[in-house]
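In: predicted model, plus sequence, below.
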Amino acid sequence: MNDSSQLGNIPISNAEFGLFQKLTFQIAGISISEAKKVLLVGRLSRRLKALGCDNFSQYYKHVTTGDCAAERQTMVDLLTTNETYFFREPKHFDHLRQLAASRRKGNTFRAWSAAASSGEEAYTMAMVLAETLGNSPWEIVGTDISSRVLAKAQGGHYPMERTDGIPPHMLKKYCLKGIREQAGTLLIARELRERVRFQQSNLLQPSKGIGQFDVIFLRNVMIYFESETKRKVVDNLLPYLKSDGHFIVGHSESLNGLTDKLVTVAPTIYRHAKAS
């Protein structure tokens, strides 16, 4: 039986595909199934051509030897899926509003969008906190492994069709409608952008020195992880959660069986067990 398949522009052998499966798991904890082989080839073939690599073995050698951090990051950017939109799973933002309103005034309320993608989740959090806390101290940190999507998040500039979930009064208050050459787009208001800080971080090795948070959103990313990786990611993030903090995952996700350090508040919403 032939060990290779002609997929996309450049063929990849089963052995080569196995190497990239292990590499993406090692770097990002992401498991790429056999069904994603066509996707991998389609997204990486252009990089092979740009670098003059004749096959995937050469590209693998390139990204795993020497000082090739930039190309490894490019590879991760191309292979990670970043699907998000404003006010996705709105009940979570209702909970954020209630949680923020219940906290003692004067203390800075801190929220972490731990899989921020292109920033829609973090800016949704910002709109909710601006409405709830106003000029009281609050801040948001957004992190992602992909530098490509973080660059977009930092700019806060989106196509107008991405705004469907934003309530009309918030759209008017916190989003600037583009005109002339920027028609059909919107820019998140500066007052919100100044409250949101984006930085690159790997969930397998979270950035240090970012402090602790009242709430951590880790939504719609663990579906790409195996059970052991999920446990590791949750354990990695828990030291950043305040003792009375809340931890929120996506509606298709659950922490059941992954940790005994959190207890359920509501479906997909958890808090520290020691705060019981």
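Out: Looks like it came in fine.
In: CA only for contacts and neighbour counts going forward, please
Out: OK.
In: how about residue 62, nearest residue that isn't a chain neighbour?
Out: Using Cα to Cα, 6 or more residues apart in numbering and skipping the chain neighbours, the partner closest in space to residue 62 is residue 68 (7.2 Å).
In: find the residue at the geometric middle of this protein.
Out: The centre of the chain sits closest to residue 115, judged by Cα atoms, centre = their mean, with a distance of 2.0 Å.
In: wait, what's in contact with it?
Out: 142, 143, 144, 145, 217, 218, 219, 221 (Cα atoms under 8 Å, 6 or more residues apart in numbering).
In: just the ones of the residues you listed in strands?
Out: Per DSSP state E, strands hold the following members of those: 142, 143, 144, 217, 218.
In: now do the third one, the pLDDT please.
Out: Meaning residue 144. Residue-level confidence at residue 144 comes out at 91, pLDDT.
In: that one contacts residue 202, doesn't it?
Out: Yes: judged on Cα atoms under 8 Å, residue 144 makes contact with residue 202 at a distance of 6.7 Å.
In: neighbour count: these two, which is higher?
Out: When residue 144 and residue 202 are compared for neighbours, residue 144 comes out ahead with 23 against 17, by other Cα atoms under 10 Å.
In: can you tell me how far that one is from residue 162?
Out: Counting by Cα to Cα, to the nearest Å, the gap from residue 144 to residue 162 is 20 Å.
In: again, but for residue 76
Out: Distance of residue 76 to residue 162, computed by Cα to Cα: 24 Å.
In: between these two, which one's more packed in?
Out: Using other Cα under 10 Å as the criterion, residue 76 and residue 162 rank with residue 76 on top: 20 against 14.
In: surely that one forms part of a helix?
Out: Yes: the assignment for residue 76 by DSSP: H, G, I helix; E, B strand; the rest coil puts it in a helix.
In: phi first, then psi, for the closest residue to it other than its chain neighbours.
Out: The shortest distance from residue 76 to any non-neighbouring residue, by Cα to Cα, 6+ apart, is to residue 146 (6.8 Å). With angles defined as degrees, to the nearest 10, residue 146 sits at phi -90, psi 120.
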